[in-house]
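In: fold the stuff below for me.
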Amino acid sequence: MRDANPARSDEPEARGTRVRDAAVVTGAAPDGHAPTVPFHSFILKIHSRCDLACDYCYMYEGADQSWRGQPRTMAPAVLDRTAARIAEHATTHGLSAVKVVLHGGEPLLVGPAGLGRAVRVLRRALDAVPVQRVDVVVQTNGLGLDERYLALFADLDVRVGVSLDGDAAGHDRHRRRANGRGSHTEVAAALRRLTEGPHRHLFGGLLCVIDPRNDPLATYRHLLGYAPPVIDFLLPHGNWSQPPPGRLPGSPATPYADWLAAVFDVWFDAPVRETRIRLLDDLVALLLGGRAETEGLGLAPVGYAVVETDGAIGRDATLRTTYPGAISTGLHVLRDPFDRALHPTGNRPPPGAPAPAAVPGPGLAGLSATCRACPLHRVCGGGHVTHRYRADGTHFANPSVYCPDLAALIAHVGRRLNQDLGRLLARPAPAPTGAA
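Out: Model (predicted):
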């Protein structure tokens with residue numbers, strides 16, 4: 001399973017959460033980083049296994065193989081306590097809205113009865129506290145998304161995010177079953193059931209992992225064919241010690257920036273807005289002085305917590321690609337409130353793992369010296385923390401392995417914005433109302 005951006009996610013919105021309106025937790029974090037915001041999104045790994053064997057999956061292909069020791073499904077007692085902890089956190093911080101992402105593995109493997117119970121437990125716990133809005137999202141690979149689930153999600157008001165890497169050739173390059181068979185045909189059929197019938201309103205959006213070998217415009221047009229409300233284009237999770245495909249550390253080549261720039265131009269020049277592309281929306285917002293809504297860009301703190309299938313409260317699950325134990329905080333929903341995860345660098349590491357302090361906090365203080373000296377850091381935010389890792393003792397005190405791509409993409413988007421703003425400013429000002 002890939003990240004959840006809240007997608008995010010969300011749901012695909014689950015990958016991150018909006019922080020611009022969040023109430024700030026008073027007081028500095030114990031490690032000297034900037035004050036944090038409470039969690040507004042909660043990613044629940046309700047099933048720890050998957051019916052696909054995607055070759056880029058951070059959960060099953062990463063350095064951290066702790067999924068092997070996880071129970072297959074989240075126990076009812078753990079789910080019940082998780083719901084209570086979310087309600088507790090919402091009450092403590094006076095949250096008006098909460099998002100819960102049912103994730104995995106593949107969450108549909110829990111079965112309709114188990115998923116139905118999970119949603120009802122969560123809503124019942126949050127109905128008992130003064131939260132005005134509760135969004136529940138399922139992030140799925142789509143293989144099991146049949147009419148039973150669609151009817152269930154319609155009844156329980158659950159939005160659905162689906163992972164799709166483009167057309168059949170692009171999608172099946174990576175998203176295969178364990179026997180090597182591609183999954184595009186089944187996922188496309190599931191998306192038609194979701195988007196072409198009475199359940200269209202449940203469609204949360206698409207997640208797409210970029211492969212520079214796939215044609216960017218063909219990929220984008222294929223995704224647009226489902227009229228998604230939002231698309232999350234994701235960089236594959238790699239780092240300096242395990243580089244992502246096509247990204248040679250130290251090379252000035254920018255294959256990912258080139259890919260995204262081609263999509264940006266078509267998206268930006270469309271006469272009518274066709275969809276949201278969260279990564280590109282965030283870049284535009286940051287370049288115009290705003291803030292990003294998701295992690296991986298900007299300096300705002302991450303606004304979501306992860307609950308593993310056994311109830312452990314973890315860090316961003318993509319850290320599994322760095323070293324064994326990187327996601328561990330030593331916290332558990334049966335004994336710890338979510339507030340303790342707001343400052344996870346003070347929590348205990350698993351035996352033999354590097355100290356959690358190696359995982360930096362948010363803000364400028366969490367960046368490497370190289371990034372702090374770079375004028376682009378307010379926009380790129382040093383890149384996703386997972387992509388900064390190097391297994392040479394520096395851990396995360398590095399720029400992103402995608403640094404050349406991020407710089408090139410920021411420059412491209414900035415040029416396009418300057419061109420448009422220049423044309424806008426060059427227009428004659430309208431005459432004042434009532435002028436002779």
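
In: so Asn214 makes contact with His174?
Out: No: with contact defined as C-beta atoms under 8 Å, Asn214 does not reach His174; the gap is 9.7 Å. Any C-beta I mention is one placed from the backbone N, CA and C, and that applies to glycine too.

In: which residues does the helix ranked longest in the chain contact?
Out: Longest helix in the chain, counting residues (DSSP state H): helix 403-426. Contact partners of helix 403-426, identified using C-beta atoms under 8 Å, 6 or more residues apart in numbering, comprise 235, 247, 251-258, 260-261, 264-265, 268, 280, 283-284, 287-288, 376, 379-380, 383, 400.

In: what's the average pLDDT for stretch 341-353?
Out: Averaged across stretch 341-353, the pLDDT comes to 59.

In: try stretch 175-194
Out: Here stretch 175-194 scores 97 as its mean pLDDT.

In: so what's the gap between that stretch and the chain middle?
Out: Computed by C-alpha atoms, centre = their mean, to the nearest Å, the chain-centroid distance of stretch 175-194 equals 22 Å.

In: first-to-last residue distance for that stretch?
Out: 20 Å (C-alpha to C-alpha, to the nearest Å).

In: buried residues in it?
Out: Neighbour counts over stretch 175-194 (16 or more other C-beta atoms under 10 Å) mark Arg175, Arg176, Gly182, Ser183, His184, Glu186, Val187, Ala188, Ala190, Leu191, Leu194 as buried.

In: helices of the chain, residue ranges please.
Out: Under DSSP H, the chain gives helices at 58-61, 76-92, 112-127, 147-156, 168-172, 184-195, 216-224, 255-269, 278-287, 369-372, 377-380, 403-426.

In: between those helices, which one is nearest to Tyr304?
Out: Across these, Tyr304 has its closest neighbour in helix 76-92 (11.3 Å, C-beta to C-beta).

In: relative orientation of the closest one and helix 112-127 in degrees?
Out: With axes from the mean of the first three to the mean of the last three C-alpha atoms, to 10 degrees applied, the angle from helix 76-92 to helix 112-127 works out at 30 degrees.

In: hmm, who's touching helix 76-92?
Out: For helix 76-92, the surrounding residues in contact (C-beta under 8 Å, 6+ apart) are 38-39, 42, 44, 46, 74, 95, 98, 100, 117-118, 121-122, 124-126, 128-131, 307, 309-311, 333-334, 337-339.

In: which of these are buried?
Out: Buried, going by 16+ other C-beta under 10 Å: 38-39, 42, 44, 46, 74, 95, 98, 100, 118, 121-122, 125-126, 129, 131, 307, 309-311, 333, 338, out of the contacts of helix 76-92.

In: those residues in strands, which ones?
Out: The strands, defined by DSSP state E, take in Phe42, Leu44, Val98, Val100, Val307 from those.

In: contacting residues for the third one?
Out: Same thing as Val98. His40, Ser41, Phe42, Ile86, Ala90, Leu126, Val131, Arg133, Val134, Asp135.

In: neighbours of Leu421, how many?
Out: 11 (other C-beta atoms under 10 Å).

In: quick revisit: which neighbours do Asn214 and His174 share?
Out: With C-beta under 8 Å, 6+ apart as the test, Asn214 and His174 both reach Asp165.

In: rewinding a little: a markdown table for the buried residues of stretch 175-194, including distance to Gln139?
Out: A markdown table is the format used below for the buried residues of stretch 175-194 (distance: C-beta to C-beta, whole Å):
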| residue | distance to Gln139 |
| --- | --- |
| Arg175 | 14 |
| Arg176 | 19 |
| Gly182 | 20 |
| Ser183 | 15 |
| His184 | 18 |
| Glu186 | 17 |
| Val187 | 13 |
| Ala188 | 18 |
| Ala190 | 13 |
| Leu191 | 14 |
| Leu194 | 13 |
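
In: nearest to Arg68 among those residues?
Out: Sorting the buried residues of stretch 175-194 by distance to Arg68 puts Arg176 at the head of the list, at 20.6 Å, by C-beta to C-beta.

In: about what we covered before: and of the helices of the chain, who's closest to Arg320?
Out: The nearest among these, by C-beta to C-beta, is helix 58-61 at 5.2 Å.

In: residues in contact with the closest one?
Out: Residues contacting helix 58-61 (C-beta under 8 Å, 6+ apart): 1-3, 50, 53-55, 67, 105, 237, 317-318, 320-321, 386.

In: in it, which residues are buried?
Out: So, applying 16+ other C-beta under 10 Å, buried residues of helix 58-61: Tyr58, Met59, Tyr60.

In: so Pro216 makes contact with Trp259?
Out: Yes: using C-beta under 8 Å as the test, Pro216 is close enough to Trp259 to be in contact (4.5 Å).

In: who has more neighbours, the two?
Out: Using other C-beta under 10 Å, the more surrounded residue of Pro216 and Trp259 is Trp259, with 25 against 21.

In: thinking again about what came up before, and the longest helix of the chain with helix 278-287, angle?
Out: Counting by the same axes, to 10 degrees, helix 403-426 lies at 60 degrees to helix 278-287.

In: relative orientation of helix 403-426 and helix 255-269 in degrees?
Out: Relative orientation of helix 403-426 and helix 255-269, computed by the same axes, to 10 degrees: 20 degrees.

In: CA atoms only for helix 403-426, dumped as PDB, please.
Out: Taking Å, rounded to 0.1, in the frame of the first residue of the first chain, the C-alpha atoms of helix 403-426 are listed here in PDB:
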ATOM      1  CA  CYS A 403      16.400  17.800  -4.700                       C
ATOM      2  CA  PRO A 404      17.200  18.500  -8.400                       C
ATOM      3  CA  ASP A 405      13.700  17.500  -9.400                       C
ATOM      4  CA  LEU A 406      12.000  19.600  -6.800                       C
ATOM      5  CA  ALA A 407      14.200  22.600  -7.700                       C
ATOM      6  CA  ALA A 408      13.400  22.200 -11.400                       C
ATOM      7  CA  LEU A 409       9.700  21.800 -10.900                       C
ATOM      8  CA  ILE A 410       9.500  24.800  -8.600                       C
ATOM      9  CA  ALA A 411      11.400  26.900 -11.200                       C
ATOM     10  CA  HIS A 412       9.000  25.700 -13.900                       C
ATOM     11  CA  VAL A 413       5.800  26.500 -12.000                       C
ATOM     12  CA  GLY A 414       7.300  29.800 -10.900                       C
ATOM     13  CA  ARG A 415       8.000  30.800 -14.400                       C
ATOM     14  CA  ARG A 416       4.500  30.000 -15.500                       C
ATOM     15  CA  LEU A 417       3.000  31.900 -12.700                       C
ATOM     16  CA  ASN A 418       5.300  34.900 -13.400                       C
ATOM     17  CA  GLN A 419       4.300  34.900 -17.000                       C
ATOM     18  CA  ASP A 420       0.600  34.800 -16.200                       C
ATOM     19  CA  LEU A 421       0.900  37.500 -13.500                       C
ATOM     20  CA  GLY A 422       2.900  39.600 -15.900                       C
ATOM     21  CA  ARG A 423       0.200  39.400 -18.600                       C
ATOM     22  CA  LEU A 424      -2.400  40.200 -16.000                       C
ATOM     23  CA  LEU A 425      -0.600  43.200 -14.700                       C
ATOM     24  CA  ALA A 426       0.100  44.500 -18.200                       C
END
